[in-house]
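*Asks:* how would this look folded up:
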Amino acid sequence: LSRGGGTSLAGQCTNTAVVIDWSKYCHEVESVDEDARTCVVQPGIVLDELNRRLASTGLRFGPEPATHMNCTLGGMIGNNSCGATAQRTGKVVDNIAALEVLCYDGTRFWCGPTSDEEYAEIERHGNGRATIYRQLRRLRDEYADRVRERFPDIPRRVSGYNLDSLLPEHGFDVAGLLVGSESTLVTVLRAKLKLVPVVRERTLVVLGYPSVAKAGDAVPAILPHEPIALEGLDHRLITDEQVKHLNPDALRELPEGRYQLMPKIIKALADSGTPFSILTKGTV
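*Replies:* From the prediction side, this is the model:
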């Protein structure tokens, strides 16, 4: 059972298996293509370390879970991570160009979006990879209409197998199917990642609401301002910090309310004269 940094919170490493930790030896950035905005990494590299190594290029990997200081890319691929930056960059499945994978029988190959011409070439070889692709194609053709009808159309769907990645309109993306599969289908050996430009300046806005329901209702009014991140802060966490006398100066800066939304806005936009009547400090 492949694991990254062991950071998942719902018992995903509970299994009858030998747990393989990739973070000790397989943690290199193998290549970077600045023009294509991609890089190839080994699965044990920690997200913050990857972004540190990419700093000179002005690029970074977009998804950023709360555990970014210790989660590995292999772990993020395993559970299809997203984090507060999902508003701007989406989930891991949206940021994978290709995966090199190993099956239990030793079959090893790179996978990603597959055109009809590429599929025909793969199938022509008649090997283990061809068998897998043929079975996936048959699965897609049989259940495509049901997948379109039944899969939830929500931006942060991270649970279960991404069968919708196999649909023709999504390019028969075998790598997309494998993201989020928690080491139950293949072992990921390498990943080709899509990168995004680093935002050099940003502004954090904190909004206070009387309840989590009111905060949720306000999100559609915030989204047109294209936040690069959007996080929520519940009163229970604030209460716990008050009980333990933690961060008193920061807590005094928070606006009134039992729930806070914290959209992070690109500073250039905030300074451009765009009206931000909704984004005012204080209780909304």
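*Asks:* residue 260 belongs to a helix, doesn't it?
*Replies:* No - Residue 260 is assigned strand when assessed by DSSP: H, G, I helix; E, B strand; the rest coil, not a helix.
*Asks:* neighbours of it, just the number please.
*Replies:* Look at residue 260: counted by other C-beta atoms under 10 Å, it has 20 neighbours. Using the backbone N, CA and C atoms, a C-beta is placed for each residue, glycine as well.
*Asks:* residue 241 too?
*Replies:* Neighbours of residue 241 (other C-beta under 10 Å): 14.
*Asks:* am I right that it is in contact with residue 254?
*Replies:* No - counting by C-beta atoms under 8 Å, residue 241 stays clear of residue 254, with 10.4 Å between them.
*Asks:* can you give me the strands in the stretch 151-284 of the chain?
*Replies:* Per DSSP state E, counting those that start in this stretch, the stretch 151-284 of the chain carries strands over the ranges 187-194, 196-197, 202-204, 207-209, 229-234, 259-266, 282-283.
*Asks:* may I see those strands arranged in TSV, with mean pLDDT and distance to residue 147 as well?
*Replies:* TSV is the format used below for the strands of the stretch 151-284 of the chain (pLDDT from 0 to 100; distance: least, C-beta to C-beta, whole Å):
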stretch	mean pLDDT	distance to residue 147
strand 187-194	97	23
strand 196-197	94	28
strand 202-204	83	37
strand 207-209	90	37
strand 229-234	86	29
strand 259-266	80	33
strand 282-283	40	44
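*Asks:* is it possible to get CSV of the ones you listed that adds distance to residue 108?
*Replies:* Shown next, in CSV, are the strands of the stretch 151-284 of the chain (distance: least, C-beta to C-beta, whole Å):
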stretch, distance to residue 108
strand 187-194, 7
strand 196-197, 29
strand 202-204, 41
strand 207-209, 50
strand 229-234, 37
strand 259-266, 40
strand 282-283, 57
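*Asks:* please name whichever of those is nearest to residue 59.
*Replies:* strand 196-197 (6.2 Å; C-beta to C-beta).
*Asks:* and the closest one, what other elements does it pack with?
*Replies:* Contacts defined by 3 or more C-beta pairs under 8 Å, 6 or more residues apart in numbering; DSSP states H and E place strand 196-197 against strand 59-60.
*Asks:* same question for the strand it packs on, mean pLDDT?
*Replies:* Across strand 59-60, pLDDT averages out at 96.
*Asks:* that strand pairs with which strands, and in what direction?
*Replies:* strand 196-197 (antiparallel) (DSSP bridges).
*Asks:* got the contact list for the partner strand?
*Replies:* 37, 58-62, 88-89, 95 (C-beta atoms under 8 Å, 6 or more residues apart in numbering).
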